[in-house]
Each structure stands twice: as structure tokens, then as C-alpha cells.
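Q: Only the shape, not the letters, is given here:
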């Protein structure tokens, strides 16, 4: 063989060796890309380029046993131990994920987000309670923009209020807001976030009354009648505050003429005066233990949910929406939920939790969400068949939180999947809980204990 031929053969071999050299892997995506610190084991899918059977996933510095699926896809099992962390700076931790080749080359980094479940502080009793099970209504909570906590509850014929300026660690002595008729009578509360003004409405012998406090509940204005004593009977008052406006919705019945309506009032001056915003004429009497709920999404659309038994053999709820501030409303649609609680999420989706009346004596706790004003719904049935009072909140971490009885659980994908449930209190007699959260994602819960007493717990602060 000539020298030139040998040189050419050597050059070809060198080129072939160079062409067969493995390239550095590239990580393009993770599925899922988040998890929760108390989750069970799950399979992580890593997709990218330049992946082969010798590549391994490196999760937060741990080399995981990895399976090559082909088509540039790797899979590995992430255990609950991989997700453990002590939330030193909050409830969120981002950990690095890379892919390592057989030669030790590592890909780019993608972050996997670990969310910690809130850890709840021991329960604090806000007040004693003499209310019996047959006439109880759950305590209601709200917050101002500084994170101060407001609570209102009914004990038989009396409506009480208390306030905490330290996140619920300590509460002021209860203040009597008003007395109503023989129990039960329905009520609701909303706090104007910027001013900290607490607003309360309640029913009193077929009249809706309103009072407010601008000094953290120490003093209250004289009860103002929002409706008049006529042949029409007003009941079931609900209240909400949004962008400086206060909405009051209530049910109106004229049994002598068989006329019924859902009425909405609005105040634009902090509750000094109210005017009629609009109403929904209805076809049947109202029944149900919950008040109408009004919520506004980020585009100013108003949702209204109210109880009735139209077209059913038992109480259920109906949904309508308004695009003009409550002046006109869409045709109400039945949503088949009792005792619902509402929340608007970051995609302007309407989230509702309540008991689905399967039969007159059988209920299924259900979560529902719509992003198209109720045209279509995604739903989840929870393994609880009792008549549960539940509450829902959308937190600033992007999660949806739900509570009932003494249980708490969370979803990070708008209710498509739910993480394991935990107890926010060990009290098995907890009932009728209410849930609110502040801008940091700290959780506040109040409930009535069937053994007596109004209780409160909060998650540990950051």
C-alpha cells in the first residue's frame, strides 16, 4: 500500500470516529414539571435531543435509575423522599433537573417546582358557642390587604364579630353586631380590602339589614334596612366587595301573587347608600341553607349563584352571569350543587365546591370549574358522600385549595388533579369550615366545633 493510500485510510478512520462521537444531551421538557412535598411516587418524563439508552436523569443532584423509551424520551421514578424539603423561605422550592450522558456530559438545566403543603398551627378558640347542630351556620372569614383577619358567626339569635391583627394568634373579645329573629337566620360578611371596613348583612323578619364597622369591629353603624316591609319577603342575603363596589344579593318572594326574584343591590360609596342594580325574575319559591354568592372575574364579569328547588325534588343552586354590572343577567342554569362556595382563578375560571344532591337523602361532594360562563364544566367527585359544608380558595401560588370537615387538599392544575388530603386540625368534630388566604399564600380557616365553640387555625407563616 502506498503512503498516500495509508494516509487516506487513516484520515477516513479519524473522520468516522469523529462523526460517531456522542453529542451533549439537551433537555427540552419535563412532565410533570411540578410536584408536592407530601406526594406519593410518580414517573417523571424527560424529553429532549441527543438522548440514548446510556443517559440518566439527575434530579436535584441525585442520579436516578432511568429508562430509555426512544424518540428522545427518558423516564424515571421520583419518590416522596426526592420531594422532601424544609420550606425555609416559603412553600415553593425549585430544584435542578439535568440529563447526564455515559461520558459524564450534562445537559442544560430545567427546574422542577416542589410545593410544600402548609403546616397548620394548633387551633385557637375564638369564642364559646351555645348553638345546636340544627340551627348552626358556619363562621365566616375575610381579610384586609394588610392580612388582618375578620370573623363573624351566629349563635342562636345573636350575630357576633371578632378581629385578629396578628394572623389569628390572638382574638379580641367578641362584639355583638345585631340580634335577629328566632334562629336560624342567614347572614354574610365582606371586608373592603383597602380600608379594612367590615360589612355585614342579615335577614330580620323578611327585611335585609346592613351594618358596617371602620374600626376593626369595635363599633358598628346602626342597622340599615336595605329592603322595606311589604308583601314581598326578602331573605338569604349575600354580600361581596370588588374594586370599591359592594354588591348585596338576596331572594325576594311574594307568596300571595306567586312572584319570585333574585335582587342585586350595589353601593359605590363604601356602604353609605345602596341602589338597585338588577334582578332575575324567578318561577318558584326559594329553598336552601345558603345565600346568593356574587363574584367578579378579572374582566368585570359578574357571576351569581343562588339556591332554589326549580325542576328538582330537593334544593340545588343556579348560575347566572352579568356583563353590565348586574343590570341584566343571563338565563340561569342549574349547577346541581348545594351549599356552594365560589372562587375566581388566574385564568378567570369560576371554581365551585359543594354537595351534589344525588337523591333527596344522598349527597356527593363535588368540585366544578368553568372557563366559558357555564357552557361546559370540568368536575371532580370526592370520596365523601355526606352532606358536607365546604370552602374553596385560589391561592397566589397558582393552586386551588378545598376544605371540608377537618380536611385540606390542593390542586396545582385548576382541579384536574388533587394532591393528598391532610388534616388542618385533629378535631374530628370540626364542621362548617370557612377558608381565606393572604397574598403570600398563608391559609386561614375558621370552623364550628359540634362539641361547642368557634375555632380558628392558620398555616405557619414563611
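A: The structure has been received and is ready for your questions. The shown structure was predicted, so the numbers you read here are calculated from the model rather than taken from an experiment.
Q: Please give the per-domain residue ranges for this structure, including any split domains.
A: 25-115, 124-458 (automatic domain parsing).
Q: Of these, which stretch is the most buried?
A: With neighbours taken as mean count of other CB atoms under 10 Å, the domains of the chain reach their highest mean count in domain 124-458, at a mean of 19. C-beta: built from backbone N, CA, C; applies to glycine.
Q: which residues in the chain form helices?
A: Secondary structure of the chain, counting by DSSP state H: helices at 3-19.
Q: will you turn the domains of the chain into CSV that also has mean pLDDT?
A: Converted to CSV, the domains of the chain look like this (pLDDT from 0 to 100):
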stretch, mean pLDDT
domain 25-115, 90
domain 124-458, 91
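Q: Show the contacting residues for residue 179.
A: Neighbouring residues of residue 179 by CB atoms under 8 Å, 6 or more residues apart in numbering: 157-159.
Q: if we go to 10 Å?
A: Going by CB atoms under 10 Å, 6 or more residues apart in numbering, residue 179 touches 154, 156-159, 185, 202, 204, 223.
Q: Among those, which pair sits farthest apart?
A: 156 and 223 (18.0 Å; CB to CB).
Q: And the nearest residue to residue 85 once chain neighbours are set aside, how far from residue 157?
A: By the measure of CB to CB, 6 or more residues apart in numbering, the closest residue to residue 85 outside its immediate chain neighbours is residue 93, 5.0 Å from it. Counting by CB to CB, to the nearest Å, the separation of residue 93 from residue 157 is 50 Å.
Q: again, but for residue 45
A: If you measure residue 45 against residue 157 using CB to CB, the figure is 59 Å.
Q: How about residue 259?
A: Separation of residue 259 from residue 157 (CB to CB) stands at 30 Å.
Q: what's the answer for residue 59, then?
A: Per CB to CB, residue 59 is found 59 Å from residue 157.
Q: Quick one: end-to-end length of stretch 217-227, please.
A: 24 Å (CA to CA, to the nearest Å).
Q: How about residue 130: what's its closest non-neighbour residue?
A: Among residues not flanking residue 130 along the chain, residue 155 sits closest, at 5.8 Å (CB to CB, 6+ apart).
Q: quick one, what contacts the one you found?
A: 127-131, 135-137, 139, 174, 176, 183, 448, 454.
Q: Same check on residue 424?
A: Shown in contact with residue 424 (CB under 10 Å, 6+ apart): 118-121, 123, 403, 405-408, 430, 433, 435, 443, 445, 447, 457-459.
Q: try 6 Å this time
A: With contacts taken as CB atoms under 6 Å, 6 or more residues apart in numbering, residue 424 has the following neighbours: 120, 408, 445, 457.
Q: how long is stretch 157-177 from one end to the other?
A: From the first residue to the last, stretch 157-177 extends over 11 Å; the measure is CA to CA.
Q: Closest to residue 64 out of the contacts of residue 424?
A: The shortest gap between residue 64 and any of the contacts of residue 424 belongs to residue 408, at 30.4 Å (CB to CB).
Q: Wait, the closest one touches residue 422, no?
A: Yes. Between residue 408 and residue 422 there is a contact under CB atoms under 6 Å: 5.5 Å.
Q: Report the separation between residue 23 and residue 417.
A: Using CB to CB, one gets 36 Å for the distance from residue 23 to residue 417.
Q: Tell me which residue is most central in the protein.
A: When CA atoms, centre = their mean is applied to the chain, the residue found nearest the centroid is residue 393 (1.9 Å).
Q: Please report how far it lies from residue 413.
A: According to CB to CB, residue 393 and residue 413 sit 16 Å apart.
Q: And for residue 434?
A: Residue 434 is 25 Å from residue 413, where distance means CB to CB.
Q: nearest residue to residue 64 other than its sequence neighbours?
A: For residue 64, ignoring the flanking residues on the chain, the nearest one in space by CB to CB, 6+ apart is residue 76 at 4.0 Å.
Q: residue contacts, the one you found?
A: With contact taken as CB under 6 Å, 6+ apart, residue 76 is in contact with 44, 57, 64, 66.
Q: Would you agree the residue nearest to residue 85 is in contact with residue 116?
A: No. Assessed by CB under 6 Å, residue 93 is found out of contact with residue 116, at 7.3 Å.
Q: ok, back up a step: between the contacts of residue 76, which is nearest residue 289?
A: Distances from these to residue 289 were compared by CB to CB; the smallest belongs to residue 44, at 45.1 Å.
Q: partner residues bridging the closest residue to that closest one other than its chain neighbours?
A: Spatial nearest neighbour of residue 44, chain neighbours left out: residue 78 (4.9 Å); criterion: CB to CB, 6+ apart. According to DSSP bridges, residue 42 are recorded as the beta-bridge partners of residue 78.
Q: Pick out the most distant pair among the contacts of residue 424.
A: For the contacts of residue 424, the farthest-apart pair by CB to CB is 408 and 457; their separation is 9.9 Å.
Q: How much space separates residue 305 from residue 179?
A: Distance, residue 305 to residue 179, using CB to CB: 28 Å.
Q: Over to residue 297?
A: 37 Å.
Q: And residue 329, by the same measure?
A: Taking CB to CB as the measure, residue 329 falls 34 Å from residue 179.
Q: Residue 319 now?
A: Spatial separation of residue 319 from residue 179 under the definition CB to CB is 33 Å.
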